[in-house]
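K.L.:
sharing a sequence plus its predicted fold:
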Amino acid sequence: MYAAVVRSFDHAPRYESFDDPIAKGENEIVVDVLAAGLHPRVRAGASGSHYTSTQELPLIPGVDGVGRLPDGKLVYFVAPDTALGTMAEQAVIDYRQSVPLPDGVDPVMVAAAMNPAMSSWLALRKRITFEAGKRVLVLGATGSAGQMAIQIAKRLGASQVIAAGRDADLLNTLSNLGADSVVSMAGDPEEMATQVGEAAADVDVVIDYVWGQPAELIMPALLMRRSERDRAIDWIHIGSMAGTTIALRSELLRAANFRILGSGQGSISTADIVAELPALVAELAAGRLTVNAKAVPLSAVEATWNVPAPRSQRIVFTPTAAVTR
């Protein structure tokens with residue numbers, strides 16, 4: 001088969017011939033891969049920088065995808081935790097970590113949407129107790145996952161969603177996805193933090209795809225403006241677009257009812273993740289969540305990998321041989 005293959009963490013994956021995968025476990029099956037998303041998690045894994053990386057080479061990137069079973073049915077699947085990922089004509093999957101797709105659903109759309117959607121879906125469904133009526137701030141709202149978070153928070157009953165991001169043009173469109181208000185994260189960092197803190201002082205949940213200096217500055221600006229500091233606020237760290245570390249002032253943990261927690265691979269069990277897949281697929285199939293997807297032939301993986309793309313767009317690689325097989 002042909003696959004995107006990483007043989008050095010310093011170089012983009014190359015499209016080349018690779019050994020056909022073989023199903024060995026009792027619940028394993030080989031699928032034809034129709035679509036696999038290029039998610040930030042996938043980029044990090046291919047560079048060896050993700051916290052789950054084993055540094056094993058060669059590897060095929062990709063953590064999920066849409067595949068065709070031997071009987072012709074389509075499934076969305078989460079890849080097993082091995083070096084043989086989903087950006088290939090075929091992949092071995094654990095059938096228990098897959099969910100059937102309805103007839104007529106677009107494989108590219110599903111492959112683009114599931115990973116970014118799962119980040120906020122799982123955070124709100126599994127990492128905290130989220131009740132209808134809560135108010136939510138999304139940091140990094142102009143990215144693909146951030147736009148999904150706006151939609152998902154609303155679908156789960158948020159009474160107010162405040163969207164914060166740097167892209168001014170996209171910010172102005174986020175009301176179409178359910179954002180009740182927007183605030184810019186561009187400009188002077190201190191002024192930005194003050195603006196966000198004033199706009200979102202009384203939220204109940206922060207979904208953070210940014211971290212780094214913005215989060216470090218926004219935390220005190222927001223917490224010290226709360227009308228009731230003893231009312232609980234959950235800050236859920238999901239992404240690190242602005243940096244992997246912050247300096248956390250100790251008094252913030254005493255001056256407000258403030259909880260920081262992360263949501264990602266390792267903080268949620270595989271069983272819990274798989275249990276949420278059918279509901280999320282149903283939301284996508286019904287058209288209740290939207291994503292900006294761009295299909296690219298897998299043969300163009302090397303040329304596409306490092307080309308800057310809009311953060312709001314999710315590239316999906318399509319192994320053409322598998323599509324036509």
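P.N.:
Sure, I can see it.

K.L.:
which helix or strand contains K294?
P.N.:
strand 292-297 (DSSP states H and E).

K.L.:
tell me the strands beside that strand, with direction?
P.N.:
Next to strand 292-297 in the sheet, as set by DSSP bridges, lie strand 313-318 (parallel).

K.L.:
in stretch 11-29, which residues are buried?
P.N.:
Neighbour counts using 16 or more other CB atoms under 10 Å place A12, P13, Y15, F18, P21, I29 of stretch 11-29 among the buried residues. Heads up, the C-betas are built off the backbone N, CA and C, glycines and all.

K.L.:
in the strand holding K294, what's buried?
P.N.:
For strand 292-297, a neighbour-count test (16+ other CB under 10 Å) marks A293, A295, V296 as buried.

K.L.:
touching, the second one and P319? I think so.
P.N.:
No: A295 is not in contact with P319 according to CB atoms under 8 Å; the separation is 11.2 Å.

K.L.:
quick one: R127 and L261 touch, right?
P.N.:
Yes: contact criterion CB under 8 Å: R127 and L261 qualify, at 6.0 Å.

K.L.:
more neighbours: those two, which one.
P.N.:
R127 (18 against 12; other CB atoms under 10 Å).

K.L.:
just give me how far stretch 240-260 sits from the chain centre.
P.N.:
Distance of stretch 240-260 from the chain centroid (CA atoms, centre = their mean, to the nearest Å) equals 22 Å.

K.L.:
oh, I was asking about stretch 93-107
P.N.:
Worked out by CA atoms, centre = their mean, stretch 93-107 lies 18 Å from the chain centre.

K.L.:
residues touching it, excluding its own?
P.N.:
25, 27-31, 34-35, 66-67, 73-80, 110, 270, 274, 277-278, 281, 284-285 (CB atoms under 8 Å, 6 or more residues apart in numbering).

K.L.:
cool, and stretch 185-202?
P.N.:
With CB under 8 Å, 6+ apart, stretch 185-202 has contacts from 135, 137, 139, 162, 164-166, 168, 181, 183-184, 206, 210, 213-214, 217-218, 220-222, 224-228, 231.

K.L.:
let me see the ranges of the helices in this structure.
P.N.:
40-46, 107-122, 144-155, 168-171, 189-199, 212-223, 252-255, 270-285, 301-305, 320-324 (DSSP state H).

K.L.:
got the ones you listed as a markdown table, with mean pLDDT and mean neighbour count columns?
P.N.:
Listed next are those as a markdown table, based on pLDDT from 0 to 100; neighbours: other CB atoms under 10 Å:
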| stretch | mean pLDDT | mean neighbour count |
| --- | --- | --- |
| helix 40-46 | 88 | 20 |
| helix 107-122 | 95 | 25 |
| helix 144-155 | 96 | 26 |
| helix 168-171 | 92 | 15 |
| helix 189-199 | 98 | 17 |
| helix 212-223 | 98 | 20 |
| helix 252-255 | 94 | 13 |
| helix 270-285 | 91 | 16 |
| helix 301-305 | 94 | 18 |
| helix 320-324 | 55 | 15 |
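
K.L.:
TSV for those, including distance to S312?
P.N.:
Output for the helices of the chain, formatted as TSV (distance: least, CB to CB, whole Å):
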stretch	distance to S312
helix 40-46	13
helix 107-122	10
helix 144-155	6
helix 168-171	6
helix 189-199	20
helix 212-223	18
helix 252-255	31
helix 270-285	17
helix 301-305	17
helix 320-324	25
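
K.L.:
who wins for proximity to L84 among those helices?
P.N.:
For L84, the closest of these is helix 40-46, at 12.0 Å, according to CB to CB.

K.L.:
now that closest one, how far from the centre of its chain.
P.N.:
Mean C-alpha position of helix 40-46 versus that of the full chain (CA atoms, centre = their mean) differs by 11 Å.

K.L.:
could you do stretch 250-261 as well?
P.N.:
Counting by CA atoms, centre = their mean, stretch 250-261 comes out at 26 Å from the chain centroid.

K.L.:
touching that stretch from outside, list them.
P.N.:
127-128, 219-220, 223-224, 226, 229-237, 248, 267.
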